[in-house]
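Peer 1: Got a predicted structure here, sequence first:
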Amino acid sequence: MGVSVYPKPQADQSVSCYLRNLSRRNGFASVALFTQLFFDDSSLVPITLTGEELSKTIGKQQSHLDGLDLLASGEGRQTHTFGRLEIPRYQLCRKERYCPECLQEQETCLSKWQIGWMPLCAKHKRPLHEMTKEIERGLFLGTRILNEEQPTHRGLLLPLNELCEIQSTLQDRLELESADGCCAGESIVDLVDRRLFTSMRLESVDCLSKRRRRYPLQYYDRSIEDSVLFLEYFAGQIAA
Ligand SMILES: [Zn+2]
């Protein structure tokens, strides 16, 4: 058994969003039923999928999925391709995130929302929300019921405008490197690694991947101080 409808990924679409579309277009009542049947796992985390697995499922060449970012690759699926850039797993969020305002304007969830060090929507100048089952269901059904229960600006130490400006710098750099595959100086991924390594007081950058912890950058509460230091560091590094 295979799928009979195999959409092409939309521009900047996330893997989770693509899976929702694929499941719905093929008549499945939920993504969980789809992944249970094709991957023997109803609670599959889309970010762990490789391009090979996904293309095999839809019975197409991997080139069919061109443009779908953050599919897993590398040893132990610990890296993810974003254009021509390789981003390690621990720099991504495990949970899907979204911008409520973007989803009022468009149906597509973006892959970059998964990148831990870009926790804001630069367009709407607000922190991204963590996906809930309810919101995901709405997206799957196309009803897009988006509640606003999650706090948005809680605990920010820097004005949101300033945070957005810093993140825009990171985002520009990400776009440049993902398109060109190189840049003058250190890669954005290495810069993030080095900052993480310093703030976590690890012995070496290699320890980061060994710990396999999720990216700790948050703009709220306990880790706010680290986050601000982190962003200040980037502002300096990238401006230099
Ligand atoms: Zn937005």
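Peer 2: On my side now, so go ahead.
Peer 1: pLDDT value on the spatially most central residue of the chain, please?
Peer 2: Central residue of the chain (Cα atoms, centre = their mean): Gln114, 1.4 Å from the mean position. What the model reports as pLDDT for Gln114 is 90.
Peer 1: Please tell me how far it sits from the ion.
Peer 2: For Gln114, the distance to the ion (Cβ to the ion, to the nearest Å) stands at 14 Å. Glycine gets a C-beta too; all of them are placed from N, C-alpha and C.
Peer 1: Was I right to think that residue contacts Leu70?
Peer 2: Yes. Between Gln114 and Leu70 a contact is recorded at 5.8 Å, counting by Cβ atoms under 8 Å.
Peer 1: Mind listing the shared neighbours of these two?
Peer 2: 14, 47, 92 (Cβ atoms under 8 Å, 6 or more residues apart in numbering).
Peer 1: Of those - the most surrounded one?
Peer 2: Of all those, the highest neighbour tally under other Cβ atoms under 10 Å goes to Ser14, namely 25 neighbours.
Peer 1: what's the spacing between that residue and the ion?
Peer 2: 14 Å.
Peer 1: per-residue pLDDT, that residue?
Peer 2: Value listed for Ser14 in the pLDDT field: 97.
Peer 1: neighbours around Glu52, how many?
Peer 2: So Glu52, with other Cβ under 10 Å, has 13 neighbours.
Peer 1: Determine the three-state secondary structure at it.
Peer 2: helix (DSSP: H, G, I helix; E, B strand; the rest coil).
Peer 1: For it, give me the pLDDT.
Peer 2: Value for Glu52, per-residue pLDDT: 93.
Peer 1: mind exporting stretch 91-99 as CSV, just the C-alpha atoms?
Peer 2: Extracted C-alpha coordinates of stretch 91-99, given in CSV (Å, rounded to 0.1, in the frame of the first residue of the first chain):
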residue,chain,number,x,y,z
GLN,A,91,20.0,23.5,18.0
LEU,A,92,16.4,22.6,17.0
CYS,A,93,13.2,22.5,19.1
ARG,A,94,11.7,19.1,19.4
LYS,A,95,8.2,20.5,19.7
GLU,A,96,6.7,22.3,16.8
ARG,A,97,6.3,26.0,17.1
TYR,A,98,4.1,28.5,15.2
CYS,A,99,3.2,32.2,14.9
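Peer 1: quick one, strands of the chain?
Peer 2: 71-73, 79-82, 85-88, 97-98, 120-121, 126-127, 129-130 (DSSP state E).
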